[in-house]
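S.K.: Okay, sequence plus prediction incoming.
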Amino acid sequence: MGEAEKDGVNFVIVPTMTPREVVSLLLGRFPAMRDVICPDEDCFNEETIVYDSFATEVVRRVDDGDLFDSVIRFIDDIAESKDRLLNNVLVVCLLEGLASDPDIARRVSGAVGETARTLLRDVERNFYHRMNT
């Protein structure tokens, strides 16, 4: 290997999701909520609004066991992602929205995997100033 190769570019391009992809991921998992959380084409560029609306709808329907189970699986799936935008909407929109109700936060915490549970506990401690039990 020559000296020139040592001085070459030394980075890795990490693809990230676009707002449209982040919204499409949510709508792909919860198509029945499309009209409620993303009623028009403009919402595909407003990922935080869409995920906030989704969290609000989940809180409203918390007693729907099938929906709750689906949301838990979704949270676990995206909690493992390394994508910054997806992680942001998970924490700042979805988990903060769900944690607004301590009882719901407790239910979610008991159902999600360890990665998501850690994120949720951080939200409760840092945003709502709650100590987790």
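M.R.: Great, that's in hand.
S.K.: Can you show me the helices along the chain?
M.R.: Here the chain has its helices, by DSSP state H, at 3-6, 19-29, 34-37, 47-60, 65-79, 84-88, 96-99, 102-111, 114-126.
S.K.: I figured residue 25 was touching residue 85, is that so?
M.R.: No - using Cβ atoms under 8 Å, residue 25 is not in contact with residue 85; the gap is 10.4 Å. (Each C-beta comes from the backbone N, C-alpha and C, glycine too.)
S.K.: can you list residues touching both of these two?
M.R.: residue 17 (Cβ atoms under 8 Å, 6 or more residues apart in numbering).
S.K.: more crowded one of the two?
M.R.: With neighbours defined as other Cβ atoms under 10 Å, residue 25 and residue 85 compare such that residue 25 has more, 19 against 16.
S.K.: Pass me the low-pLDDT residue ranges in the protein, would you?
M.R.: 1-7, 14, 132-133 (pLDDT under 70).
S.K.: got the contact list for the spatially most central residue of it?
M.R.: Central residue of the chain (Cα atoms, centre = their mean): residue 90, 2.0 Å from the mean position. By Cβ under 8 Å, 6+ apart, the contact set of residue 90 is 51, 75, 78-79, 81, 119.
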